[in-house]
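Enquirer: I would like to see how this sequence folds:
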Amino acid sequence: LLILTEWDQFRALDLERLKTLLAAPVVVDLRNIYKPHEMVRHGFTYASVGRGA
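Expert: Coordinates of the predicted model:
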């Protein structure tokens, strides 16, 4: 999943459901709307921009 917008609909995703809908639980968040530790806790491989390591 590639997140390219800050729309509220994308800020409130059901992460457990989303994980079941993706062939691979990978999220690339180009708007930094999710917290990296939260995404990892939900079982996603997560990448964002401008946050450093």
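
Enquirer: and the next element down the chain from the helix or strand bottoming out on mean pLDDT in the chain?
Expert: Lowest on mean pLDDT, DSSP states H and E among the helices and strands of the chain sits helix 8-11, with a mean of 93. Going down the chain from helix 8-11, the next helix or strand is helix 15-21, by DSSP states H and E.

Enquirer: what residues does the very next helix or strand once past that following helix touch?
Expert: Next helix or strand after helix 15-21 toward the C-terminus (DSSP H and E): strand 26-29. With contacts defined as C-beta atoms under 8 Å, 6 or more residues apart in numbering, strand 26-29 is touched by 1-3, 34, 39, 44-49. (Glycine included, C-beta is placed from N, CA and C.)

Enquirer: Run through this structure and note the low-pLDDT ranges.
Expert: By pLDDT under 70, the low-scoring segments of the chain are 53.

Enquirer: let's see 80
Expert: The chain contains residues with pLDDT under 80 at 52-53.

Enquirer: And the furthest pair within the contacts of strand 26-29?
Expert: F44 and V49 (16.0 Å; C-beta to C-beta).

Enquirer: And those two? Which one has more around it.
Expert: Ranked by neighbour count (other C-beta atoms under 10 Å), F44 and V49 place F44 first, with 21 against 9.

Enquirer: Hmm, the more buried one is touching L15, no?
Expert: Yes. Using C-beta atoms under 8 Å as the test, F44 is close enough to L15 to be in contact (7.4 Å).
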